[in-house]
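J.: here is my input, please return the structure:
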Amino acid sequence: MMRDDRLVEMRVFRAVVETGGFSAAARVLEVSQPFVSQTIQRLEARLGATLLHRTTRGHRVTPEGARFLDIARRLLATIEEAEAEWQSDAVRMEGLLRVSAPIAFGLDRVTPLIPEFLARHPGLSLDLRLTDDHENLIEGGIDVAIRMGALPDASLMHRKLCRLRRLVVAAPGLVARHGLPDSVEDLSSMPCLAWDASREHLNRWRFVDGDRTVTFHARSRLRGNQGMSLFQMCLAGMGAMRVAEHLASPAIRDGRLVRLLPGLRPADDTAIQAVFLPERQIVPRIRSFVDFAARAFRAPDWET
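T.: The predicted structure is shown next:
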(Lines give C-alpha, C1' and ligand atoms only; values in the text may rest on other atoms or scores of the structure.)
Protein backbone atom coordinates (compact mmCIF):
# COMPACT_ATOMS: atom_id res chain seq x y z
CA MET A 1 0.00 0.00 0.00
CA MET A 2 1.34 3.43 -0.93
CA ARG A 3 2.19 5.61 2.04
CA ASP A 4 0.61 9.09 1.99
CA ASP A 5 2.56 11.69 3.99
CA ARG A 6 0.68 14.75 2.78
CA LEU A 7 -1.00 15.47 6.11
CA VAL A 8 2.33 15.07 7.91
CA GLU A 9 3.91 17.53 5.47
CA MET A 10 1.11 20.02 6.03
CA ARG A 11 1.43 19.77 9.81
CA VAL A 12 5.20 20.19 9.68
CA PHE A 13 5.00 23.18 7.32
CA ARG A 14 2.34 24.82 9.50
CA ALA A 15 4.46 24.28 12.60
CA VAL A 16 7.56 25.81 10.97
CA VAL A 17 5.68 28.96 10.01
CA GLU A 18 3.74 29.32 13.26
CA THR A 19 6.65 28.67 15.60
CA GLY A 20 9.11 30.74 13.61
CA GLY A 21 11.73 28.14 12.75
CA PHE A 22 12.78 24.55 12.11
CA SER A 23 14.18 23.98 15.61
CA ALA A 24 11.09 25.38 17.32
CA ALA A 25 8.83 23.28 15.10
CA ALA A 26 10.84 20.17 15.94
CA ARG A 27 10.38 20.84 19.67
CA VAL A 28 6.65 21.40 19.34
CA LEU A 29 6.16 18.31 17.18
CA GLU A 30 8.60 16.27 19.30
CA VAL A 31 10.65 15.19 16.28
CA SER A 32 14.21 15.84 15.16
CA GLN A 33 15.23 18.96 13.28
CA PRO A 34 16.55 16.89 10.32
CA PHE A 35 13.11 15.29 10.02
CA VAL A 36 11.53 18.76 9.79
CA SER A 37 14.06 19.94 7.19
CA GLN A 38 13.71 16.81 5.07
CA THR A 39 9.91 16.95 5.23
CA ILE A 40 9.88 20.55 3.97
CA GLN A 41 12.30 19.63 1.18
CA ARG A 42 10.09 16.73 0.08
CA LEU A 43 7.02 18.95 0.16
CA GLU A 44 8.63 21.64 -1.97
CA ALA A 45 9.92 19.03 -4.43
CA ARG A 46 6.49 17.43 -4.73
CA LEU A 47 4.75 20.77 -5.26
CA GLY A 48 7.48 22.11 -7.53
CA ALA A 49 7.50 25.39 -5.62
CA THR A 50 9.64 27.17 -3.04
CA LEU A 51 7.55 27.69 0.08
CA LEU A 52 10.24 29.20 2.31
CA HIS A 53 13.14 31.50 1.48
CA ARG A 54 16.05 30.48 3.74
CA THR A 55 18.56 33.05 4.97
CA THR A 56 21.27 33.06 7.62
CA ARG A 57 18.85 34.93 9.89
CA GLY A 58 15.90 32.60 9.48
CA HIS A 59 13.28 32.08 6.82
CA ARG A 60 10.53 34.00 5.03
CA VAL A 61 7.31 32.57 3.61
CA THR A 62 7.04 33.01 -0.17
CA PRO A 63 3.75 34.01 -1.86
CA GLU A 64 3.35 30.37 -2.91
CA GLY A 65 4.04 29.31 0.67
CA ALA A 66 1.40 31.73 2.00
CA ARG A 67 -1.20 30.29 -0.36
CA PHE A 68 -0.33 26.72 0.56
CA LEU A 69 -0.36 27.60 4.28
CA ASP A 70 -3.89 28.94 4.02
CA ILE A 71 -5.08 25.75 2.31
CA ALA A 72 -3.20 23.54 4.77
CA ARG A 73 -4.65 25.35 7.78
CA ARG A 74 -8.20 24.95 6.49
CA LEU A 75 -7.77 21.25 5.74
CA LEU A 76 -6.06 20.49 9.05
CA ALA A 77 -8.66 22.48 10.99
CA THR A 78 -11.42 20.41 9.38
CA ILE A 79 -9.66 17.15 10.23
CA GLU A 80 -8.89 18.24 13.80
CA GLU A 81 -12.47 19.38 14.32
CA ALA A 82 -13.79 16.04 13.08
CA GLU A 83 -11.47 14.15 15.41
CA ALA A 84 -12.42 16.35 18.36
CA GLU A 85 -16.13 15.74 17.77
CA TRP A 86 -15.55 11.99 17.42
CA GLN A 87 -13.58 11.83 20.66
CA SER A 88 -15.79 14.19 22.68
CA ASP A 89 -18.09 11.42 23.88
CA ALA A 90 -15.25 9.01 24.58
CA VAL A 91 -13.04 11.36 26.58
CA ARG A 92 -14.38 12.95 29.72
CA MET A 93 -12.60 16.25 30.25
CA GLU A 94 -12.06 17.43 33.78
CA GLY A 95 -10.23 20.24 35.51
CA LEU A 96 -9.99 24.02 35.27
CA LEU A 97 -9.78 25.97 32.01
CA ARG A 98 -8.55 29.59 32.21
CA VAL A 99 -9.66 31.81 29.33
CA SER A 100 -8.74 35.46 28.79
CA ALA A 101 -10.55 37.84 26.40
CA PRO A 102 -10.78 41.58 25.68
CA ILE A 103 -13.49 43.22 27.75
CA ALA A 104 -15.83 44.36 24.96
CA PHE A 105 -15.56 41.22 22.85
CA GLY A 106 -15.63 39.07 25.96
CA LEU A 107 -18.85 40.62 27.27
CA ASP A 108 -20.53 40.83 23.88
CA ARG A 109 -19.53 37.56 22.25
CA VAL A 110 -17.52 35.17 24.48
CA THR A 111 -19.65 35.25 27.63
CA PRO A 112 -22.83 34.07 25.82
CA LEU A 113 -20.97 30.96 24.63
CA ILE A 114 -19.93 29.77 28.09
CA PRO A 115 -23.21 28.14 29.25
CA GLU A 116 -23.37 25.84 26.22
CA PHE A 117 -19.67 24.94 26.47
CA LEU A 118 -19.93 24.01 30.15
CA ALA A 119 -23.16 22.09 29.53
CA ARG A 120 -21.27 19.94 27.00
CA HIS A 121 -18.43 19.30 29.46
CA PRO A 122 -19.83 18.89 32.98
CA GLY A 123 -16.44 17.86 34.33
CA LEU A 124 -14.85 21.22 33.47
CA SER A 125 -14.69 24.46 35.43
CA LEU A 126 -13.94 27.69 33.59
CA ASP A 127 -12.25 30.87 34.81
CA LEU A 128 -13.09 33.70 32.38
CA ARG A 129 -10.87 36.75 32.74
CA LEU A 130 -11.82 39.90 30.81
CA THR A 131 -9.07 42.46 30.29
CA ASP A 132 -7.85 44.78 27.56
CA ASP A 133 -4.25 44.07 28.61
CA HIS A 134 -2.24 41.32 26.90
CA GLU A 135 -1.49 39.13 29.88
CA ASN A 136 1.46 36.78 29.77
CA LEU A 137 0.01 33.29 29.36
CA ILE A 138 2.68 31.60 31.46
CA GLU A 139 2.69 34.11 34.32
CA GLY A 140 -1.10 34.36 34.35
CA GLY A 141 -1.66 30.61 34.11
CA ILE A 142 -3.90 31.22 31.07
CA ASP A 143 -4.81 28.28 28.84
CA VAL A 144 -6.41 30.21 25.96
CA ALA A 145 -6.42 33.94 25.22
CA ILE A 146 -8.67 35.60 22.67
CA ARG A 147 -6.62 38.30 20.94
CA MET A 148 -7.70 40.97 18.45
CA GLY A 149 -5.38 42.27 15.76
CA ALA A 150 -1.73 41.51 15.09
CA LEU A 151 0.04 39.04 17.37
CA PRO A 152 3.33 40.47 18.66
CA ASP A 153 4.50 37.18 20.18
CA ALA A 154 5.47 34.79 17.39
CA SER A 155 6.17 31.98 19.87
CA LEU A 156 2.45 31.47 20.56
CA MET A 157 0.29 29.04 18.63
CA HIS A 158 -2.85 30.59 17.22
CA ARG A 159 -6.03 29.77 15.37
CA LYS A 160 -8.05 32.35 13.49
CA LEU A 161 -11.63 32.57 14.73
CA CYS A 162 -12.91 35.24 12.35
CA ARG A 163 -12.01 38.43 10.50
CA LEU A 164 -11.56 41.66 12.48
CA ARG A 165 -12.64 44.94 10.91
CA ARG A 166 -13.01 48.26 12.68
CA LEU A 167 -15.57 50.75 11.36
CA VAL A 168 -15.63 54.50 12.02
CA VAL A 169 -19.01 55.44 13.48
CA ALA A 170 -20.82 58.24 15.28
CA ALA A 171 -24.17 58.72 16.99
CA PRO A 172 -26.96 60.23 14.86
CA GLY A 173 -27.09 63.29 17.14
CA LEU A 174 -23.40 64.00 16.59
CA VAL A 175 -23.86 63.66 12.83
CA ALA A 176 -26.82 66.04 12.94
CA ARG A 177 -24.67 68.67 14.67
CA HIS A 178 -21.52 68.29 12.57
CA GLY A 179 -22.70 66.78 9.29
CA LEU A 180 -21.46 63.69 7.46
CA PRO A 181 -17.79 63.87 6.45
CA ASP A 182 -17.11 63.59 2.72
CA SER A 183 -13.41 62.73 3.08
CA VAL A 184 -10.92 61.49 5.63
CA GLU A 185 -9.73 65.07 6.09
CA ASP A 186 -13.26 66.09 7.13
CA LEU A 187 -13.01 63.88 10.22
CA SER A 188 -10.82 66.54 11.81
CA SER A 189 -13.90 68.79 12.17
CA MET A 190 -15.72 66.23 14.32
CA PRO A 191 -15.14 65.43 18.01
CA CYS A 192 -13.45 62.02 18.32
CA LEU A 193 -12.83 59.48 21.04
CA ALA A 194 -9.33 58.11 21.54
CA TRP A 195 -7.47 55.41 23.40
CA ASP A 196 -4.88 56.29 26.01
CA ALA A 197 -1.14 56.39 25.33
CA SER A 198 -0.63 52.66 25.88
CA ARG A 199 -2.85 51.95 22.86
CA GLU A 200 -1.92 54.94 20.73
CA HIS A 201 -1.68 52.77 17.60
CA LEU A 202 -5.47 52.32 17.73
CA ASN A 203 -5.89 56.07 17.24
CA ARG A 204 -4.48 55.90 13.72
CA TRP A 205 -7.43 55.15 11.45
CA ARG A 206 -6.29 53.90 8.06
CA PHE A 207 -8.47 53.84 4.94
CA VAL A 208 -8.02 52.69 1.35
CA ASP A 209 -9.03 55.60 -0.90
CA GLY A 210 -8.67 54.57 -4.53
CA ASP A 211 -5.06 53.53 -5.03
CA ARG A 212 -3.72 55.15 -1.86
CA THR A 213 -3.86 54.55 1.87
CA VAL A 214 -4.89 57.53 3.99
CA THR A 215 -4.35 57.76 7.75
CA PHE A 216 -6.33 59.94 10.14
CA HIS A 217 -4.84 60.48 13.60
CA ALA A 218 -7.73 60.69 16.08
CA ARG A 219 -7.15 63.16 18.89
CA SER A 220 -9.58 63.82 21.68
CA ARG A 221 -10.31 65.69 24.88
CA LEU A 222 -11.69 62.38 26.12
CA ARG A 223 -9.40 59.36 26.16
CA GLY A 224 -9.77 55.97 27.79
CA ASN A 225 -8.11 52.59 28.27
CA GLN A 226 -11.23 50.42 28.05
CA GLY A 227 -13.08 49.70 24.82
CA MET A 228 -16.59 49.18 26.22
CA SER A 229 -16.44 52.49 28.10
CA LEU A 230 -15.39 54.34 24.94
CA PHE A 231 -18.15 52.59 22.98
CA GLN A 232 -20.78 53.73 25.49
CA MET A 233 -19.53 57.31 25.15
CA CYS A 234 -19.72 56.98 21.37
CA LEU A 235 -23.37 55.88 21.67
CA ALA A 236 -23.98 58.91 23.89
CA GLY A 237 -22.77 61.23 21.13
CA MET A 238 -19.50 62.26 22.76
CA GLY A 239 -17.45 61.67 19.62
CA ALA A 240 -16.76 59.59 16.54
CA MET A 241 -14.89 56.35 17.15
CA ARG A 242 -13.37 53.43 15.30
CA VAL A 243 -15.25 50.42 16.65
CA ALA A 244 -14.81 46.68 16.15
CA GLU A 245 -17.43 45.33 13.76
CA HIS A 246 -19.04 42.98 16.29
CA LEU A 247 -20.21 46.08 18.20
CA ALA A 248 -20.53 48.53 15.32
CA SER A 249 -22.66 46.55 12.85
CA PRO A 250 -25.60 45.75 15.19
CA ALA A 251 -25.66 49.39 16.36
CA ILE A 252 -25.66 50.61 12.75
CA ARG A 253 -28.50 48.23 11.82
CA ASP A 254 -30.75 49.40 14.65
CA GLY A 255 -30.01 53.10 14.11
CA ARG A 256 -27.98 53.80 17.25
CA LEU A 257 -24.88 54.62 15.17
CA VAL A 258 -24.10 55.87 11.68
CA ARG A 259 -21.14 54.58 9.69
CA LEU A 260 -18.86 57.37 8.50
CA LEU A 261 -17.14 57.23 5.09
CA PRO A 262 -18.82 53.95 4.07
CA GLY A 263 -17.31 54.19 0.59
CA LEU A 264 -13.78 53.75 1.96
CA ARG A 265 -12.45 50.35 2.96
CA PRO A 266 -10.61 49.98 6.28
CA ALA A 267 -6.94 49.36 5.50
CA ASP A 268 -6.10 47.29 8.56
CA ASP A 269 -8.30 44.22 8.34
CA THR A 270 -6.80 41.63 10.70
CA ALA A 271 -8.28 38.79 12.73
CA ILE A 272 -9.67 37.69 16.05
CA GLN A 273 -7.63 34.69 17.15
CA ALA A 274 -7.35 32.14 19.92
CA VAL A 275 -3.77 31.85 21.15
CA PHE A 276 -2.15 29.30 23.43
CA LEU A 277 1.28 27.93 24.28
CA PRO A 278 2.72 25.48 21.71
CA GLU A 279 3.03 22.65 24.18
CA ARG A 280 -0.62 23.02 25.20
CA GLN A 281 -2.17 22.43 21.78
CA ILE A 282 -2.97 18.76 22.41
CA VAL A 283 -4.52 19.20 25.87
CA PRO A 284 -8.15 18.03 25.36
CA ARG A 285 -9.85 20.82 27.32
CA ILE A 286 -7.88 23.49 25.45
CA ARG A 287 -8.41 21.94 22.04
CA SER A 288 -12.10 21.49 22.79
CA PHE A 289 -12.59 25.17 23.72
CA VAL A 290 -10.67 26.44 20.69
CA ASP A 291 -12.65 24.14 18.36
CA PHE A 292 -15.90 25.26 20.00
CA ALA A 293 -15.03 28.94 19.57
CA ALA A 294 -13.94 28.40 15.96
CA ARG A 295 -17.29 26.81 15.13
CA ALA A 296 -19.21 29.57 16.92
CA PHE A 297 -17.47 32.33 14.98
CA ARG A 298 -17.17 30.55 11.63
CA ALA A 299 -19.90 32.75 10.09
CA PRO A 300 -20.30 35.76 12.41
CA ASP A 301 -23.71 37.40 12.28
CA TRP A 302 -22.15 40.86 12.52
CA GLU A 303 -20.11 40.73 9.30
CA THR A 304 -21.24 43.09 6.56
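
J.: what segments of the stretch 151-300 of the chain are strands?
T.: Shown for the stretch 151-300 of the chain, the strands assigned by DSSP state E, counting those that start in this stretch span residues 157-164, 166-170, 194-195, 204-209, 212-217, 223-224, 241-244, 258-259, 265-266, 270-276.

J.: contacting residues for the most centrally placed residue in the chain?
T.: Taking Cα atoms, centre = their mean, the centroid of the chain lies closest to residue 272, which sits 2.1 Å from it. For residue 272, the contacting residues are 105, 146-148, 160-164, 297, by Cβ atoms under 8 Å, 6 or more residues apart in numbering. From N, CA and C alone the C-beta is placed, and that goes for glycine too.

J.: quick one: buried ones out of these?
T.: With burial judged by 16 or more other Cβ atoms under 10 Å, the buried subset of the contacts of residue 272 is 105, 146-148, 160-162, 164, 297.

J.: could you dump these into TSV and include pLDDT?
T.: Rendered in TSV, the data for these read as follows (pLDDT from 0 to 100):
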residue	pLDDT
105	93
146	94
147	91
148	88
160	87
161	90
162	89
164	88
297	91
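
J.: which among those residues gets closest to residue 40?
T.: Checking the buried ones among the contacts of residue 272 against residue 40 by Cβ to Cβ gives residue 160 as the nearest, at 22.6 Å.

J.: which one of the buried ones among the contacts of residue 272 is nearest residue 32?
T.: Comparing every one of the buried ones among the contacts of residue 272 with residue 32 (Cβ to Cβ), the shortest separation belongs to residue 160, at 29.4 Å.

J.: hey, what's the closest one bridged with?
T.: According to DSSP bridges, residue 273 are recorded as the beta-bridge partners of residue 160.

J.: these two touch, right, it and residue 270?
T.: No. When contacts are counted by Cβ atoms under 8 Å, residue 160 is not listed as touching residue 270 (9.6 Å).

J.: quick one: secondary structure of residue 109?
T.: The three-state label for residue 109, taken from DSSP: H, G, I helix; E, B strand; the rest coil, comes out as helix.

J.: what are the buried residues along stretch 52-66?
T.: Buried residues in stretch 52-66, defined by neighbour count with 16+ other Cβ under 10 Å: 52, 59, 61, 65.

J.: same list (these) but as TSV, adding distance to residue 235 and secondary structure.
T.: Converted to TSV, the buried residues of stretch 52-66 look like this (distance: Cβ to Cβ, whole Å; DSSP: H, G, I helix; E, B strand; the rest coil):
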residue	distance to residue 235	secondary structure
52	47	strand
59	46	strand
61	41	strand
65	44	helix
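
J.: hang on, the earlier thing: could I get the strands of the stretch 151-300 of the chain as TSV with distance to residue 122?
T.: Compiled in TSV, these are given as follows (distance: least, Cβ to Cβ, whole Å):
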stretch	distance to residue 122
strand 157-164	25
strand 166-170	38
strand 194-195	40
strand 204-209	45
strand 212-217	50
strand 223-224	39
strand 241-244	33
strand 258-259	43
strand 265-266	42
strand 270-276	22
